[in-house]
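> Below are the sequence and a predicted model; questions follow.
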Amino acid sequence: GENVEQHPSTLSVQEGDSAVIKCTYSDSASNYFPWYKQELGKGPQLIIDIRSNVGEKKDQRIAVTLNKTAKHFSLHITETQPEDSAVYFCAASMATDKLIFGTGTRLQVFP
Amino acid sequence: GAGVSQSPRYKVAKRGQDVALRCDPISGHVSLFWYQQALGQGPEFLTYFQNEAQLDKSGLPSDRFFAERPEGSVSTLKIQRTQQEDSAVYLCASSLGGQNEAFFGQGTRLTVV
């Protein structure tokens, strides 16, 4: 079955700097790659997603890139703010809708 | 409410006790998922419904776990004879299907003592 690896597990940045989180997946049949942000005591919330027919997608300070050949995808957050501090999860999915999650990255943005 | 609602938010069960966790999905959402999230880990898939049909239950860890969605709306995850290793946050998510955005509830934190 599908396996998703995510790194780093923790990431500390200064406010205003960029943050990059990387994931790799194992099953080339995966075609949908969402990123979720989870704050303490809350459920995951979708922040951006990308499908396999697209190489890059951007939404304000957040961007995601996908390399299908290498089977990896990355989340880029620019101009980080303290409220970006949270745990971020990547995930991969095939046609079944079931999401396979990575192990998470705890991002801390220091003022 | 506009979001996915789960109840209870917190549940403490004695080992061996049966528990039932409820999920109210967003109205009109065809797909419903249950995930288990251990402390410091990513959510792990348990089971998936399309309307009232349980299409995938490959993630249920044992036959002590049972899920239902009899009318294609509210879903219940039942755990029989709870064990300490069942302690986790149980997340429910719903979507329109077809790899549309999955909306998650706040989860039920189950602690087995």
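Yes, it's here. Numbers count the residues shown, from 1 in each chain, chains lettered A, B, ... in the order given.
> give the contact list for the residue nearest the centre of chain B.
By Cα atoms, centre = their mean, chain B has its centre lying nearest to residue B:34, at 3.5 Å. By Cβ atoms under 8 Å, 6 or more residues apart in numbering or on different chains, the contact set of residue B:34 is B:23, B:45-48, B:67, B:75, B:77, B:90-92. The C-beta positions use only the backbone N, C-alpha and C, and glycine is treated the same way.
> Contact residues of chain A facing chain B?
Proximity of chain A to chain B (Cβ under 8 Å from any Cβ of the partner chain) is limited to residues A:6, A:31-32, A:34, A:36, A:41-46, A:49, A:51, A:89, A:91, A:93, A:95-104.
> Mind checking which of the contacts of residue B:34 are in strands?
Assigned to strands by DSSP state E, the following of the contacts of residue B:34 qualify: B:23, B:45-48, B:67, B:75, B:77, B:90-92.
> Check those residues one by one and keep those near chain A.
B:45, B:48, B:91.
> one step back: buried only: go through the ones in strands among the contacts of residue B:34 for me.
With burial judged by 16 or more other Cβ atoms under 10 Å in any protein chain shown, the buried subset of the ones in strands among the contacts of residue B:34 is B:23, B:45-48, B:67, B:75, B:77, B:90-92.
> Was I right to think residue B:73 contacts residue B:25?
Yes: using Cβ atoms under 8 Å, residue B:73 is in contact with residue B:25, at 6.7 Å.
> all strands of chain B, in order?
For chain B, applying DSSP E gives strands covering B:5-7, B:10-13, B:19-24, B:31-37, B:44-50, B:53-56, B:65-68, B:75-79, B:88-95, B:103-104, B:108-112.
> Would you mind giving these as a markdown table with distance to residue A:61 added?
A markdown table is the format used below for the strands of chain B (distance: least, Cβ to Cβ, whole Å):
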| stretch | distance to residue A:61 |
| --- | --- |
| strand B:5-7 | 30 |
| strand B:10-13 | 34 |
| strand B:19-24 | 32 |
| strand B:31-37 | 27 |
| strand B:44-50 | 30 |
| strand B:53-56 | 35 |
| strand B:65-68 | 38 |
| strand B:75-79 | 35 |
| strand B:88-95 | 25 |
| strand B:103-104 | 22 |
| strand B:108-112 | 31 |
